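Novice: My questions concern the predicted model and sequence given below.
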Amino acid sequence: MNDTADTTTGVTISRCGKCGTGYYPTRLLCPNCGANAMKPDKATDAVVEETTVVRHNAGQQNWQPRHLATVRTPENQIIVVGLEGPAPRGTKIKLFEQGLAPYGRA
Amino acid sequence: MTPAIIGIHELPNTRHPAPEASTLTYMADALSGALDDAQMKLSDVDGFGMVVFSADPDKAADLAWRLGVSLKWITQATHGGSSAVNTMCHAWRALQSGDASVIAIVAADVPVQAKARAASAAYNSARRDLLTPLGYSGPNSLFAMLTQRQMAKFGLSKEDYGHMVISQRNWAKGNPIAVYKEPLTMDEYVNAGLVCDPLGRYDCPPTSAGASCIIMADASHCPKTHVPVGIRAIGQSYNYDNQAGDGLRTGLSKVSAKMWEQAGVSAEDMDLACCYDDYPAMVLAQLNDLRIIKNDDIKGFIRNRVAIGDGRFPVNTSGGLLSAGQAGGAGGMLGPIEVIRQLMHRGGDRQVPNAKLGVATGYGQVLYRYGSAVGAAVLERLS
Ligand SMILES: [Zn+2]
């Protein structure tokens, strides 16, 4: 994570203006109702489902292990986020963005 | 008209290609070899399918020109590990409809490390923007988490995956083109260094250079040196679930029932199966979707049909990507060409006795969290 980059609360999702379903990552048309009415919205909370540690990254010198997690929002959006450290299954996290990339903080 | 595969050729997979080798020279060698095998001339080819990811900026038409083939039918597939099977499916229909009469499908890649890493980091906009900045190192992390889900849902242990990997390694012993042929023990498998928890070194296929080609034409054109292989049925699926699920079902779950119905044979009739094995979890997921694994009993399949030594059900008899190596686009042809080779009874030391029917799959195009594209073909020995 780049500490100098701007961060924003929540991660950007698409929400259908017709049926209200929210999607991550963003979509163009609504898979649920077919409407062409997507509006940007935010998802702010999620729960950790699985985590892993990226221990190698080919071609990178001095690679520090990175913690990634699959998290689920209350609306069932499933997001792969970066974490600052280990977080067991069931950990509640707050979502934020750096650039476009999604992160979570316990 | 009975469309069939009448010629095949594979170059040895290698981690260290000769300095003068390139994706393009590999394509030329694969095509030449397959034409020789089919006893066809370059000028006989009127259809070309290109399954290559590292020829930029050249496209299929550029390669047709460089290779010297004039065509009525051309296609280039960009669906990752599914591309080769998808192309074979399209070629089968093109031959049936008369749009082409002799189709060469060339699959090749000679990856250049730095370029391959850059291509993986920006595979699509979702990966470039949402995953790569996290410290994502390629699909290993995604399939590590998918494997955890599979372990939890089906009660699988690390050793269960070990049986799959070791079985494939035992097949690789009989495959002269495989990168890794030496036996692998369960101890070595379980104690291998972690790449992305719980995936270890032997769960991730070694990137290699490789190329292969199949020639498809009417079965009557097959030379007397071998028996042609026909296609009984196909299935393809793209973006089957909008990436909204757990990835433990693949797109095959949407198309396999219809494929078996079209084939007029069932999963139990298969003498072998080759499923795209970017990770062992995905071999199990595909075998499950094909109904070769019954009633979701993945653990029972491993214990009773894989971890039993020589009488095991033949899965990925080339050694699969995990032992033979993953050569980009050619990686997706590894399974289909192995089924074809076995059905031609040209399997050498690893020949499955009396193989008459086999199924080959491709799986790939990781849109965000798992693969979105699949292809499958039920193949048969025509004699
Ligand atoms: Zn909607």
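Specialist: That came through fine. Just so you know, these numbers come straight off a predicted model, no measurement behind them.
Novice: Low-confidence stretches in chain B?
Specialist: Scanning chain B for pLDDT under 70 picks out no residues.
Novice: and the residue nearest the centre of it, what element?
Specialist: With distances taken as CA atoms, centre = their mean, B:Gly332 lies nearest the centre of chain B, 3.2 Å away. Secondary structure assignment for B:Gly332, by DSSP states H and E: helix B:328-343.
Novice: One more: B:Asp160?
Specialist: Going by DSSP H and E, B:Asp160 is part of helix B:158-172.
Novice: what are the C-alpha coordinates of that helix, in CSV please?
Specialist: Output in CSV follows, covering the C-alpha atoms of helix B:158-172 (Å, rounded to 0.1, in the frame of the first residue of the first chain):
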residue,chain,number,x,y,z
LYS,B,158,-3.6,-31.0,1.5
GLU,B,159,-2.9,-34.7,0.9
ASP,B,160,-6.0,-35.1,-1.3
TYR,B,161,-4.5,-32.5,-3.7
GLY,B,162,-1.2,-34.2,-3.4
HIS,B,163,-2.7,-37.4,-4.8
MET,B,164,-3.8,-35.5,-7.9
VAL,B,165,-0.4,-33.9,-8.4
ILE,B,166,1.5,-37.0,-7.8
SER,B,167,-0.7,-39.1,-10.1
GLN,B,168,-0.1,-36.5,-12.9
ARG,B,169,3.6,-36.6,-12.2
ASN,B,170,3.6,-40.4,-12.6
TRP,B,171,2.0,-40.0,-16.0
ALA,B,172,4.6,-37.4,-17.0
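Novice: Go through it and flag the buried ones.
Specialist: Buried residues in helix B:158-172, counted by 16 or more other CB atoms under 10 Å in any protein chain shown: B:160-172. For the C-beta atoms, the positions are set from N, CA and C on the backbone; glycine is no exception.
Novice: Please give me every residue in contact with the residue nearest to the centre of chain B.
Specialist: Residues in contact with B:Gly332, defined by CB atoms under 8 Å, 6 or more residues apart in numbering or on different chains, are B:Val51, B:Gly80, B:Gly81, B:Ser82, B:Ser83, B:Ala84, B:Val85, B:Ala107, B:Tyr276, B:Gly362, B:Gly364.
Novice: Swap in 6 Å and give it another go.
Specialist: Applying CB atoms under 6 Å, 6 or more residues apart in numbering or on different chains to B:Gly332 gives the contacts B:Gly81, B:Ser83, B:Ala84, B:Gly362.
Novice: Any figure for the gap between the first one and A:Cys30?
Specialist: This points to B:Gly81. 29 Å (CB to CB, to the nearest Å).
Novice: who's more crowded, those two?
Specialist: Shown here are B:Gly81 and A:Cys30; by other CB atoms under 10 Å in any protein chain shown, B:Gly81 has more neighbours (29 against 20).
Novice: who touches that one in this structure?
Specialist: B:Tyr276, B:Asp278, B:Gly332, B:Gly362, B:Tyr363, B:Gly364.
Novice: mind redoing it with 8 Å?
Specialist: B:Tyr276, B:Asp278, B:Gly331, B:Gly332, B:Gly362, B:Tyr363, B:Gly364, B:Gln365, B:Gly371.
Novice: In what element of secondary structure is the residue lying closest to it once chain neighbours are set aside found?
Specialist: Spatial nearest neighbour of B:Gly81, excluding adjacent residues (CB to CB, 6 or more residues apart in numbering or on different chains): B:Gly364 at 3.1 Å. Element membership of B:Gly364, judged by DSSP H and E, is strand B:357-366.
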